[in-house]
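Enquirer: need a 3D model of the sequence below.
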Amino acid sequence: MDLPHITLVSFTFFEKSFLKKVADIIRYETNHNVKIREGHLDLTDFFDPARRQYNADKILKAVDDLYGNDSLKIIGLFNVDLFIPILTYIFGQAYLNGRTSIVSSYRLSNEGYGLKRDDNMFQERFAKEIIHELGHTLGLIHCHYPACVMRSGTYVEDIDQKGTAFCSACRLILSETGKSLKTGV
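Expert: Numbering: from 1, shown residues only. All right, here's what the predicted structure looks like:
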């Protein structure tokens with residue numbers, strides 16, 4: 001019997017060593033097994049030519065429909081510029097209290113901002129965004145504690161300022177609702 005696990009579904013080529021390091025961070029923060037698999041999704045239907053971006057709401061639904069049945073939580077991993085109609089761009093999207101979320105690495109690398117490549121920073125940003133969206137699937141909303149992974153991140157600098165962990169207030173909410181992924185929290 002397969003134990004409850006979190007699945008990262010890569011819809012983009014990410015090096016295996018990179019995904020393993022990201023999965024290790026998620027495993028540490030959630031105390032759950034994390035599996036990695038490849039996914040295939042034709043993104044043509046999700047592209048908005050006027051914005052030159054991809055509709056995150058539609059991608060999220062497609063990932064949920066196609067891949068959301070075999071895991072405790074599923075996170076689709078992409079490298080495209082995501083948007084929702086009310087925002088210029090987003091790093092990720094999730095179903096609140098749901099099972100599925102998506103995260104894009106598109107705006108997370110230093111090179112996109114004219115800075116020197118930093119693989120460790122890129123990996124940490126990606127992991128933070130995955131854990132953040134995972135928190136939404138657990139019912140958490142944005143937090144006001146500066147270091148909490150659930151703090152809203154409008155800019156990449158916001159992501160850099162927060163940690164990879166849920167703050168004590170968010171952990172308490174998860175514990176009280178019985179949705180904690182980490183034992184003993």
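Enquirer: next up, the contacts around Gly39.
Expert: 9-11, 63, 66-67, 76 (CB atoms under 8 Å, 6 or more residues apart in numbering). In this view, the C-beta of every residue, glycine as well, is placed from N, C-alpha and C.
Enquirer: so among those residues, where is pLDDT lowest?
Expert: Scanning those for pLDDT, the low point is Tyr67. It has 88.
Enquirer: so it sits against Gly76, correct?
Expert: Yes. Using CB atoms under 8 Å, Tyr67 is in contact with Gly76, at 7.0 Å.
Enquirer: quick check: neighbours shared by those two?
Expert: 9, 39, 100.
Enquirer: for Ala56, see how far away Phe47 is.
Expert: 12 Å (CB to CB, to the nearest Å).
Enquirer: correction: the previous question concerned Glu15.
Expert: Distance from Glu15 to Ala56, by CB to CB: 24 Å.
Enquirer: neighbour count: the two, which is higher?
Expert: Using other CB atoms under 10 Å, the more surrounded residue of Glu15 and Ala56 is Ala56, with 26 against 9.
Enquirer: list the contacts of the more buried one.
Expert: Under the criterion of CB under 8 Å, 6+ apart, the contact list for Ala56 reads 82-84, 90, 92-93, 102, 104.
Enquirer: and the residues you listed, which are buried?
Expert: Listed as buried from the contacts of Ala56 are 82-83, 90, 92-93, 102, 104; burial here means 16 or more other CB atoms under 10 Å.
Enquirer: what does the pLDDT read for the residue nearest the centre of the chain?
Expert: Nearest residue to the geometric centre of the chain (CA atoms, centre = their mean): Ile130, 2.4 Å. Per-residue pLDDT puts Ile130 at 97.
Enquirer: quick check: it touching Ile75?
Expert: Yes. In this structure, Ile130 is within contact of Ile75 by CB under 8 Å, at 5.5 Å.
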